[in-house]
Structures are given as C-alpha cells and as structure tokens.
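Asker: Prediction below, plus the sequence it came from.
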Amino acid sequence: MSKIRKDTVKSESSKRKPKFIEKSAYRSVILSGILGGVFLVLSIMLNGEIVIVFTSDDLLWVSIDIILKVFIILFFFFFMMISIGNYKELTGKPIDYKIILLIFIISLIQSFKNSIVFSFTFIGLLVIVIYLYVVQEN
C-alpha cells in the first residue's frame, strides 16, 4: 500500500514542478521588465538633463556622471533583453533580431545628447550583444 502512495505523490510533485517553474519564469519576466522600465526612466531623467546629479566641472565628477549614465543605459538594455528573452522562451519562440535591434536603438537614443556617453554606450551594447550571442551558441 505504501508503494502506491509514493508513486502518486511522485506523479503529483512532477506535475506541480513545471507549473512552479513556469510561474517563477513569469515572475522573472515581470520583475526584469519592471527593472528595465525603472532604468529607462532613470536614464531619461539623467541623460535628458531633467535631473542634474553633479554640477561641478571637475574631471572626477564629470567622469562619474558619464559612467553612471552609461551603466544605467546598459542595465536597461540588459534587463529588457532578459525580460523579452524569458518571455519568448516561455512561449516557445526564438527572439527576433528585429527586437534586439529595436532595444539596441532605443538604448542608443537615450545617450544621443552626449557624444562620450553615446560612444561608451555603443561599445558596451556591442559587448553585451556579442556576449549573449556566444552564450546562446553554447
């Protein structure tokens, strides 16, 4: 009698596991999307100079400002790629190059006002895209 109960318990747990994994994957999609949106708003505020963090012309503060702006844009790109990639994986479809290109262009538009931020963002985005491509191939 106990062997039968163990088998039914195993079958119930195996049925629950994919639903739990799928539910946590949807949570990951939502959380990554929210974080991407937060970084988008921060980027628009900082790169659009709505909020000015450092007013000093000292080289240290200017470089910290540039690094902060670049990393916020890169975090936006990274979290949006994670969110869209996880969603596409849940639906069983591969992520299109058009979507990658769209997020890439949106990220570059955020940094269009400052040429130094634009160039560092462009290099960082290329590194992230190449990294994700290499990881996906393996």
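Answerer: Everything's here; your move.

Asker: Mind checking the pLDDT average for stretch 131-138?
Answerer: In this model, stretch 131-138 has a mean pLDDT of 80.

Asker: Any buried residues in it, and which?
Answerer: L132 (16 or more other Cβ atoms under 10 Å). (Each C-beta comes from the backbone N, C-alpha and C, glycine too.)

Asker: Dump that stretch to CSV, restricted to CA.
Answerer: This file holds the C-alpha atoms of stretch 131-138, laid out as CSV (Å, rounded to 0.1, in the frame of the first residue of the first chain):
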residue,chain,number,x,y,z
TYR,A,131,28.3,38.0,-25.0
LEU,A,132,24.7,37.0,-25.3
TYR,A,133,25.3,35.5,-28.8
VAL,A,134,28.3,33.5,-27.6
VAL,A,135,26.4,32.2,-24.5
GLN,A,136,23.4,31.3,-26.6
GLU,A,137,25.5,29.3,-29.1
ASN,A,138,27.0,27.1,-26.3
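
Asker: Other residues contacting that stretch?
Answerer: M81 (Cβ atoms under 8 Å, 6 or more residues apart in numbering).

Asker: Can you pull the phi/psi pair for V51?
Answerer: Per-residue torsions, V51: phi -120, psi 120 (degrees, to the nearest 10).
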